[in-house]
Structures are given as structure tokens and as C-alpha cells.
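1. 3D model of this:
(2 chains)
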Amino acid sequence: MKLELKCHKGIGTRVEGEALVASDDFSARYDLDRIKGIFSRPQHKLVGQSYVDKILVLNTSKGGVASAWMLHEMTSRALAPKAILFNRANTILAQGAALATMTMCDRFEDGDVTTLIQTGDHVVVDPEAGCVTVTRA
Amino acid sequence: MKLSVEDKAMLSGELGAPRRWAMEHMLQVGGMFDAEDFVSVAQSHMMADPESLGEAGVVFLEGLAAHEAVYRRVRIPMITDPRGVDLSHYRPLGQTEEMADLERRTIAACEALGILMTDTCINYQTIMPPVQGEHVAYGDTGVVIYCNSVLGARSNFEGGPSALAAGLTGRTPRYGLHLDKHRKSTRRFVVRVQPNGLTDWGILGAIIGRACNSYWEVPVIEGISGTPTSDELKHFGAAMASYGSIPLFHIVGVTPEAPTLTDVCVGAAPAAEDVVASDMDAFRSDFGGKGDKVDVVVFAAPQLSLVEMQQVADLVDGQTIHADTSLIVCTSPQVAADADRMRLTSRIEASGAQVLRGTCFYQQYAREIGEANGWKRLLSNSAKIVNIIAGYGYEPALASMEDCVASAVAGKIV
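-> Here you go, the predicted model:
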């Protein structure tokens, strides 16, 4: 099965990878053990799971300006997601993606991206075109 | 985006590589948020603690700082958010020389860029509050929500890189809170219970923030009797921003853009949503824990004002903090200097508490200092910090300032 999703023009370059999806929100400071590369906040649905090299799909970004530097720091150690897709990004995560050259998109035309994409899907993100292609086995 | 002659000169590199980087960075961000042009900003404020910068971030800052002064120095007054290491008090916390060195390198790079090391998230109480309508680029969610809401300034949440880009260029892409259309209310809350004290204000902010849960929602609040203090609105806003990524609220009859409900509505007012006493109680019960042992009691997030420092000093006078519990108080260097002079610091420290200058608890390697000191169970009067700290391996609880001090003395949550 193949899906073509339209979103707002995003940040970064074309990437592809495996999706890791939750309806939760995201903050690099609040939710992650960045040393181990896993979600660490007990209340987060992805707690204990590795985000490294994944296409993260989450609802929105929350709290904390620190995430902007943190995305850059995570990328420098190659312990970062390949891309993050949100229903709606806040300014901080977009700014962080720009410095980290991490791909980021939001505002999907077809509805809630955390239900349109499932964990394990193969996802191709083209931020310049505002297009995400999803392949499900 | 529409560029002025000066924008183009900076983008071309004519005014140095740091300003070219800044323009390229802001064009990417402005593109994502459909900015049509840039707006001049009067001040910039940057979060740059070494924990979030890491080696990569520090090297990035040092790279900019290596350019000639004429190319590297910021063009507008630029100040800093709390640091990660209080260089006068880091070994007792279990922070390492490696952390302190990263801090020292960050400070050296920032100073070379012409940044004023204010190290504070309460600059609106201590440095230079913005005026109504002033465009600024502030890099702390608590600072942004307070200055947008209480003072009527105009700022987005600026992460460190974007705050730096604003400082280097004196401008920011015109999107989000710089535009009138994003400052009108989208949600309306009627408060049926009056908050009593800083913690209650934090809880109320957290409830409204959690309900809105989007940077692009603007809550307007009715039903507040009387006028809240600056410290109360500080805790209210900081919690709302932390729980909901909210950068602006209005309180009818209190904040400057909302003399009346109509002033912050486009057309009909949003449907009213009540906040009642049971909502506050339900929130409290998530962070309870009476009788539990407490390892560390924290007053921070935001840093304490001079008035809060006096309140803590009055509460700890003549008391001794329990041998198995630590009490940490974080304030700004500006407040600390006054607190020293007025002997508030010495009164607080006489109890066994530690006063940290220019840091904030969750920005100072919270995971590592927790492990070094065996801190797990954390108690605070800040609704913001109890939201953040669980991800760092703590079990947080929430209580009033009075109960926090009593618990620190008892060694367990009272």
C-alpha cells in the first residue's frame, strides 16, 4: 500500500526511513535520554524506544527552547532521528531543525499525521515539495 | 521573502560570515512559517546552557567568535538565559570539570560576540523590560509568554540559534506573535476558583496550557478577581508555556491588550470553558506524595525574584534542613547581588540550603547531579519544574513554598 501525503513546505533535505509514531507531543529536553538515544519520560508512549535514524511522527512540539540546540547536538553524535513530522510544529523545533539540518514538516492536508502513518511504515519526506510518501508492507 | 538592501548585504556575506549564516538560518525558518519580510527587533535573549549546546554547540559558537570583531559582534543588546554551571558552586553539586570547562568556553565565545552574560530568565523583572508593541527576540518560554502577555511586547519562542541570528542581524522573520492576527484569543477560560499563592497560579497556568496544547492557541482568561502580582503571573505563564507551548495569554482587565473581552476577539468570543476547584485538586493529586521521603527541594523555574528570596529567608529562619535532604534555591546574578547585600542569602544558607547564581535547576545537568547526589524524589513549588524533571529520572511532587520548606526540614513531604 502506498500513500502520498501533502504538507506545508518544510525544512531540510529529502530523507527516507522507518516511521516511529505516537499521538504524543515532543520536547528534546522533557522526553529524551539523549545520551542513550531513547525516549525517557515515563508518561510518553514511546518510553524506552530508540529514536535514532527514525522518521519520528508526533502531534506537536512543546515547552523548552533547549530543543533547538539539542537537535544540533544529537545530530553531531549521529544519535538523532532522520526527520520529525508534526501535525503542528512550534517555532523552536523548526529553528532547531534549520541549525541541525534535520528534515521537518508539519500541517498535513489529509488529517492527523499520527494516524495516517503507522510505526514501521517506510516513509520518504520531501520538505521542499511538501510531500511525504508512505509505503506499508 | 522580501529583502531590504541591508538584508541582502548581510545575506551576501558583505557584512561578514556570521551575519550571512544568521540570514540563511532565518530565511529557512521564515520560509516554514510563511514570513513575508523581516522585522527589526530591539533586544535578543539567548538560551545557551552547555548541557543543551553540547560540544557541537560550543564549537559552533566558537566558530562565530573566531571572526574579526567588526563581523562577529551583535548589533543589538543581547542577553543570556540561565547558565548550566554556577562556576562559584559546582563541585558541591557533583558537576564535573568537563562541564565547567564547556561552560567557560561558552562564556568566552558569547563575550567575544558582544553578548551580555545576564544569565537570567527573569530579565523582565531585573534587566530591561520591553515596552508595549516592542518587537524582541527572546529565548526562554517563560520570558516570552510574560513579555508578550503582561507587557504587550512581541516575540516568538526563539531557540538559541535563532536568538543569536536575531542578535547578529537586529531582525527576525515577521511571523507568529509579531503579527496582529496571531495575538487574538482562540480559547476562552472562565476561572471559578481564585488561585492562592504562587503554586496555585502555576497549577492554573498548567491546566490552561495543557487544555490548549499548541503554540498557535491564545487563551483569554476571565474571572480573576483583583490584580495578580508579577511573581504570580511569572509562575502562571511559565507553567502555561511549559505544559502547552503557549506564548501568549490575555487576562481581561489585567493584561494590556485585553481591557475588555471584545478587544482580543475577532467576531464572536470563543465558547467559555470553566476552570473549577476540582480541576485544581485533580492536578495537585498527580503530584502528591505526603509522607514520602524527599531527597531534594527546589525553588527555581523561574529563578526567584528578590521578593521570593525574602519569602524563602523568612521561612527558613531558625530552621535546619534535614541531613538527608537538600534545599536548592536558584536566582539570577542580579537578584543574588542584592540578596547578598540585604543578607537574605546568608539567612537562607544558614539553614543548610544552597543558593545558586545564574543557573536554573533543570538546565544544569539535572540527570548527572541527581545521580551524583542520590536525588530521586524532588519537591518544588514550581508547576513548571515538576513537568520537566521526570524525563531526567526524578519523581516530582508539588507543594506550596511554605510546605516545601517544612518538608525540607522534616526530610519528608508534610
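2. all strands for the chain, in order.
-> As the question left the chain open, I've gone with chain A. For chain A, applying DSSP state E gives strands covering A:2-6, A:15-21, A:32-33, A:38-39, A:55-60, A:83-88, A:103-105, A:122-126, A:131-135.
3. can you look at chain B instead?
-> B:38-40, B:44-46, B:78-80, B:171-173, B:187-191, B:219-222, B:250-251, B:272-275, B:296-304, B:326-331, B:354-357, B:377-380, B:395-398.
4. low-confidence ranges in chain A?
-> Along chain A, the parts satisfying pLDDT under 70 run over A:63.
5. ok so, going back, could you identify which of the strands of chain B is most buried?
-> Highest mean neighbour count of the strands of chain B: strand B:44-46, a mean of 30 (counted as mean count of other C-beta atoms under 10 Å in any protein chain shown). No exception for glycine: its C-beta is placed from N, CA and C like everyone else's.
6. say whether chain A is contacted by that one.
-> No - judged by C-beta under 8 Å from any C-beta of the partner chain, strand B:44-46 makes no contact with chain A; its nearest approach is 8.8 Å.
7. and that strand, what does it pack onto?
-> Packing partners of strand B:44-46 (3 or more C-beta pairs under 8 Å, 6 or more residues apart in numbering or on different chains; DSSP states H and E): strand B:78-80, helix B:160-169.
8. could you dump the ones you listed to TSV with mean pLDDT and distance to residue B:25?
-> Listed next are the helices and strands packed on strand B:44-46 as TSV, based on pLDDT from 0 to 100; distance: least, C-beta to C-beta, whole Å:
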stretch	mean pLDDT	distance to residue B:25
strand B:78-80	98	15
helix B:160-169	98	5
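9. related to what we said a few turns ago, mind giving me TSV with the strands of chain A and columns for distance to chain B and mean neighbour count?
-> Shown next, in TSV, are these (distance: least, C-beta to the nearest C-beta, whole Å; neighbours: other C-beta atoms under 10 Å in any protein chain shown):
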stretch	distance to chain B	mean neighbour count
strand A:2-6	15	13
strand A:15-21	16	19
strand A:32-33	7	20
strand A:38-39	9	20
strand A:55-60	6	24
strand A:83-88	6	25
strand A:103-105	8	26
strand A:122-126	14	20
strand A:131-135	15	18
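10. now render the ones you listed as JSON lines, adding distance to residue B:53.
-> Formatted as JSON lines, the strands of chain A follow (distance: least, C-beta to C-beta, whole Å):
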{"stretch": "strand A:2-6", "distance to residue B:53": "34"}
{"stretch": "strand A:15-21", "distance to residue B:53": "25"}
{"stretch": "strand A:32-33", "distance to residue B:53": "16"}
{"stretch": "strand A:38-39", "distance to residue B:53": "21"}
{"stretch": "strand A:55-60", "distance to residue B:53": "22"}
{"stretch": "strand A:83-88", "distance to residue B:53": "20"}
{"stretch": "strand A:103-105", "distance to residue B:53": "20"}
{"stretch": "strand A:122-126", "distance to residue B:53": "27"}
{"stretch": "strand A:131-135", "distance to residue B:53": "31"}
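11. which one of those lies closest to residue B:325?
-> Nearest of those to residue B:325, taken as C-beta to C-beta: strand A:32-33 at 25.9 Å.
12. can you pull the pLDDT of the residue lying closest to residue B:13 once chain neighbours are set aside?
-> The shortest distance from residue B:13 to any non-neighbouring residue, by C-beta to C-beta, 6 or more residues apart in numbering or on different chains, is to residue B:20 (4.2 Å). Listed pLDDT for residue B:20 reads 98.
13. who's in contact with residue B:20?
-> B:10, B:11, B:12, B:13 (C-beta atoms under 8 Å, 6 or more residues apart in numbering or on different chains).
14. what's the burial count for residue B:137?
-> As a burial measure, residue B:137 scores 31 neighbours (other C-beta atoms under 10 Å in any protein chain shown).
15. got a list of what the closest residue to it other than its chain neighbours touches?
-> Spatial nearest neighbour of residue B:137, excluding adjacent residues (C-beta to C-beta, 6+ apart): residue B:166 at 3.5 Å. Residues in contact with residue B:166 (C-beta under 8 Å, 6+ apart) are B:22, B:26, B:41, B:44, B:76, B:137, B:158, B:172.
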